[in-house]
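**Student:** Have a look at this prediction, sequence included:
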Amino acid sequence: MPTPRTVLVVGASLSGHSAARALRTEGYDGRIVMIGDESHRPYDRPPLSKGFLTGTTTLEDLWLEGEDDEIGAEWLLGTRATALDPATRTVRLSDGGSLAGDAVVVATGSRARRLPTALGGDLAGVHTVRTLEDAASLRTELVPGARLVLVGAGFVGAEIAATASGLGLDVTLVEASPTPLAAQLGPELGTVVARLHASHGVPLLCGTPVAELTGTGRVDGVRLADGRSLPADVVVVGIGSVAAVAWLAGSGLSIDGGPAGGLACNATGATGAPAVFGVGDCSAWFDPVVGAHRRVEHWTDSHERPRHAVRTLLGLTDPQASPVLAAPYFWSDQYDVRIQFAGRRFGDESVTIEAGSPETGDVLAVYRRGDVATAVLAMNQPRLFGRVRRSLAVSPVAA
Amino acid sequence: MQRICDLADVPVGEGLRITSVSPPIAVFVTHAGEVYAVDDTCTHQDASLADGWLEGCWVECPLHASRFDLRTGEIDAPPAKRPVRVHRTSVRDGAIWVELSSQTPNLPPGVSYEVA
């Protein structure tokens, strides 16, 4: 492909911004157009469930761009992409206009799953947390003494529970599955991490799906499938996310990576269409270690993978070389504990505790298939974690 | 300058957090044998850079992806946006000596130390 003169980046959050940064780092000096449906410049989302809710992290702290960090892009913010024609690399926009580029990077992210309207999902006082506005709106309701119920005890729910408990709210977590975080950490260590709630006096109800949210106009409670009802002044729904790829319907690009699939890409972010790439939450890259397309919604992967895509876009990678993807990595801060996980779980690993203990909240656990380390979990063990993380398998692992 | 620790206290290729000064600093001995000292707390969030991953004369924050140049304190990428302070070091008689920077430290949100 000849050197592009215009690159359209659809999505102006972490992965789109990382792609634009990488273009400049790799020497591209052509035109970059950043198209973002939110009205903001790129900002950091992890604090939205933590420091931004307490006020420790200010709006100023959230911006991803530093003072000397100008990427020299044109910004089309508050503008949604509504369609893509891969053949001409033309993006149609919500304002009726359209733009064509020599290359397109799709970085439209994901949206929070909501409870359906019929189950009370649209009542006042019911929140999801994905955007700055979502978090700002929740923040005004986090007043001491208020009763907060979290629907879903995944990482977002757990972090908001910990934050709200620290702010003096009366917090309860409700989880449909028998063990929270089992999909990410496995049942054994999911249980260890979820125990943090009980040890901080926050009740966690497991194996209890929500039947509906009750209230007229405003939510006043959560009715569980087992018939129990929990009174609630505020409800936060944290039941996962879906890739923001609906706008690609009709583009001919394939969606892969399971039921909540993302834009199918190879292990360097290339889609089936020439000069069209996918990065971040909206994409499902082929992971050579797993042997399948997978969405990875972690901050670090959205930060680091765009560089691979950009190098391919600029023709800087050797198409014959087998791509290597770093072990996916995420962290979560809950109460006074820093949780870190890296790697890939296949579900048939052995788990060994290599330092600390689950009881003292400083555990380092390594997941292995045979004698190959595939994943690592740490609670308050950043130094040891970093060392094991770098030793994880990056090539296919035999069962 | 003040005496901070013995050179032998810092394993080669690793960092050591020093809390006898405020804010705490991190002292590193690189594989090339160079000795560096910077503020220990990442400028993005409360994390100890001494726990980080040392490669050449760059240290990667143990939590997120930002890397700091130990020679200048500058960062390579978000989420950190501000540099860490660099402190002048020297090695004498098997000990590490440090002259603390007189600049204002760039501490992350929610973290404060009495500046000694």
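**Tutor:** Ah, there it is.
**Student:** and the residue nearest to the spatial centre of chain A, helix, strand or coil?
**Tutor:** By C-alpha atoms, centre = their mean, chain A has its centre lying nearest to residue A:297, at 3.5 Å. Under DSSP: H, G, I helix; E, B strand; the rest coil, residue A:297 falls in the coil class.
**Student:** show me the contacts for it.
**Tutor:** Taking C-beta atoms under 8 Å, 6 or more residues apart in numbering or on different chains, we find residue A:297 in contact with A:110, A:241, A:281. Bear in mind the C-beta positions are built from the backbone N, C-alpha and C, glycine included.
**Student:** can you check residue A:162 too?
**Tutor:** A:50, A:196-197, A:200, A:202, A:333-335.
**Student:** swap in residue A:166?
**Tutor:** A:54, A:335.
**Student:** Please report the distance of it from residue A:52.
**Tutor:** 14 Å (C-beta to C-beta, to the nearest Å).
**Student:** How about residue A:140?
**Tutor:** Counting by C-beta to C-beta, the gap from residue A:140 to residue A:52 is 12 Å.
**Student:** more neighbours, these two?
**Tutor:** The neighbour comparison of residue A:140 against residue A:52 (other C-beta atoms under 10 Å in any protein chain shown) goes to residue A:52, with 26 against 7.
**Student:** That one: what secondary structure?
**Tutor:** Per three-state DSSP, residue A:52 ends up helix.
**Student:** Test my guess that it contacts residue A:45.
**Tutor:** No. Here residue A:52 lies out of contact with residue A:45, judged by C-beta atoms under 8 Å, at a distance of 9.2 Å.
**Student:** and residue B:6, what is it in contact with?
**Tutor:** B:94-96.
**Student:** Show the pLDDT at it.
**Tutor:** We have a pLDDT of 97 for residue B:6.
**Student:** How about the one 10 residues further on?
**Tutor:** At residue B:16 the predicted local confidence, pLDDT, stands at 98.
**Student:** Equivalent analysis for residue B:89, please.
**Tutor:** Here, the pLDDT recorded for residue B:89 equals 97.
**Student:** Student question: in chain A, what's the helix or strand with minimum average pLDDT?
**Tutor:** Across the helices and strands of chain A, mean confidence by mean pLDDT, DSSP states H and E is lowest for strand A:255-256: a mean of 90.
**Student:** which bits of chain B sit near chain A?
**Tutor:** B:47-48, B:50-53, B:60, B:62-65, B:75, B:77-79, B:81-82, B:109-110 (C-beta under 8 Å from any C-beta of the partner chain).
**Student:** now the end-to-end length of stretch A:317-328.
**Tutor:** End-to-end distance of stretch A:317-328: 21 Å, with C-alpha to C-alpha, to the nearest Å as the criterion.
**Student:** Tell me how far it lies from the chain's centre.
**Tutor:** Mean C-alpha position of stretch A:317-328 versus that of the full chain (C-alpha atoms, centre = their mean, to the nearest Å) differs by 22 Å.
**Student:** So is it next to chain B?
**Tutor:** No. Stretch A:317-328 is not in contact with chain B by C-beta under 8 Å from any C-beta; minimum separation 10.4 Å.
**Student:** What average pLDDT does that stretch get?
**Tutor:** Averaging pLDDT along stretch A:317-328 yields 81.
**Student:** so where's chain B shaky on pLDDT?
**Tutor:** Judged against pLDDT under 70, the low-scoring parts of chain B cover residues B:115-116.
**Student:** which SSE is the most centrally placed residue in chain B in?
**Tutor:** When C-alpha atoms, centre = their mean is applied to chain B, the residue found nearest the centroid is residue B:38 (2.8 Å). Using DSSP states H and E, residue B:38 sits within strand B:35-39.
**Student:** Within the sheet, what are the partner strands of that strand, with directions?
**Tutor:** Using DSSP bridges, strand B:35-39 pairs in its sheet with strand B:25-29 (antiparallel), strand B:86-92 (antiparallel).
**Student:** Any chance you could list what contacts the shortest one?
**Tutor:** Residues from elsewhere that reach strand B:25-29 (C-beta under 8 Å, 6+ apart): B:4-5, B:7, B:10-18, B:35-40, B:48-50, B:54, B:59, B:70, B:87, B:89, B:96, B:98, B:100.
**Student:** buried subset of those residues?
**Tutor:** Neighbour counting over the contacts of strand B:25-29 (16 or more other C-beta atoms under 10 Å in any protein chain shown) leaves B:4, B:7, B:10, B:14-16, B:18, B:35-40, B:48-50, B:54, B:59, B:70, B:87, B:89, B:96, B:98, B:100 as the buried ones.
**Student:** where does the stretch 251-399 of chain A dip in pLDDT?
**Tutor:** Within the stretch 251-399 of chain A, the stretches with pLDDT under 70 are A:257-259, A:395-399.
**Student:** residue ranges of the strands in it, please?
**Tutor:** Ranges of strands in the stretch 251-399 of chain A, per DSSP state E, counting those that start in this stretch, are A:255-256, A:262-265, A:276-278, A:283-287, A:292-295, A:329-334, A:337-343, A:350-355, A:364-369, A:372-379.
**Student:** Quick one: closest of those to residue A:301.
**Tutor:** Smallest distance to residue A:301 across the strands of the stretch 251-399 of chain A (C-beta to C-beta): 7.2 Å, for strand A:329-334.
**Student:** Each with direction, which strands does the closest one pair with?
**Tutor:** Note on strand A:329-334: by DSSP bridges, its sheet partners are strand A:337-343 (antiparallel).
**Student:** so how far is the partner strand from its chain's centroid?
**Tutor:** Centre-to-centre, strand A:337-343 and its host chain are 14 Å apart (C-alpha atoms, centre = their mean).
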